[in-house]
Structures are given as structure tokens and as C-alpha cells.
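# Structure of the sequence below:
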Amino acid sequence: MFMGEYDHSIDKKGRIIIPVKYREELGASVIVCRGFDGCLNVYSEERWAVVCEKLSTLPTTRANARKFVRSILTKAQSCEFDAQGRILIPASLVKLADLQKACKVVGVGQHVEIWSKERYEAMEDEQDESFEEGAETLMELTL
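Reported below is the predicted structural model:
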């Protein structure tokens, strides 16, 4: 399970270091795709297969399902780690997530997220404000 957060930077070529702790669980290559809330998601190949299986069950007769699947899969890229533990993020994904020099690499259970530092801090501020309300609602749904 991925957890924790790390400060890293992305270089001009679009390379970013993924922490050793995450690399050990991710494997030799990963899938990077569009995430929610303006971040990128990083999946192991095994977890990506599960995601794709779930996406394949969405009804293709529904426009919103087609758009969602298209938005995830057309931006997804396979990336391999280099000797320094970096992955090369395609320019289209760097732009999509507005990745500048300072980034956050965070573990969120089954996958890793890559955020621009500014977006991550804004999301955290918003999340802090609604944490208890959201927790109450979700706990009611699961009990």
C-alpha cells in the first residue's frame, strides 16, 4: 500500500524521481495517466490491468462513460525507471498537471499521485476544511 508524501522536482526534460519506497512496490515500469483534481496517477502494471478491466465494464452506449474512458486511456503512457529512479513524463501530461519545478509525489493506497506543489497545497487547504464532514458522510455510507 502506498502512503506518505515526498517533495521532488521535475527537470526540464520532464523527468521526476519516484521514491525508492514506491519503486520497490511499483516494479520496473509504470503507467502514468490523468488523475483527478489536476494530478497524475502512477500505477504498477498489475494495478493498471485491474483499472483497465474496470474501465472495460463501463457502458459504451453512454456518452459520459465513453468520454471518461477516452480521457483516461488516450493520455496513459508506459514509463520505465532510469538508473537514477526517474520516470520521463510525456510533455502532454506535464502540461495537463501543470507540473513546474516543485512537485509532490504522494501515496494514496493502490497508486501514487504526482502533483504540482501549488495544486497540492491548494487541495490540502480545501481538504482540511471539509475533512470531518466528508468523513461523516462516507462512514454513514459504509456502515
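
# The spatially closest residue to residue 13 that is not a sequence neighbour pairs with what?
Distance criterion C-beta to C-beta, 6 or more residues apart in numbering; nearest residue to residue 13, sequence neighbours excluded, is residue 88 at 6.8 Å. Backbone N, C-alpha and C define where each C-beta goes, glycine included. Beta-bridge pairing for residue 88 (DSSP bridges): residue 15.

# start the count at 649, not 1, going forward
Sounds good: first residue 649 from here, last item residue 736.

# What about residue 736, how many residues nearby?
Applying other C-beta atoms under 10 Å, we find 17 residues neighbouring residue 736.

# ditto for residue 656
16.

# What residues are bridge-paired with it?
Beta-bridge partners of residue 656, counted by DSSP bridges, are residue 751.

# My guess is it contacts residue 670. True?
No: Residue 656 is not in contact with residue 670 according to C-beta atoms under 8 Å; the separation is 10.9 Å.

# Can you check which residues contact both of those two?
Shared contacts of residue 656 and residue 670 (C-beta atoms under 8 Å, 6 or more residues apart in numbering): residue 753.

# Could you list the low-confidence segments of this protein?
Residues of the chain that meet the criterion pLDDT under 70 lie in 777-778, 782, 789-791.

# Where do the helices of it begin and end?
All helices of the chain, identified by DSSP state H, fall at 668-674, 693-704, 711-721, 739-744, 765-790.

# So for residue 729, which of those sits nearest?
helix 668-674 (6.2 Å; C-beta to C-beta).

# For residue 662, find the nearest of the helices of the chain.
Per C-beta to C-beta, nearest to residue 662 of these: helix 739-744, 5.1 Å.
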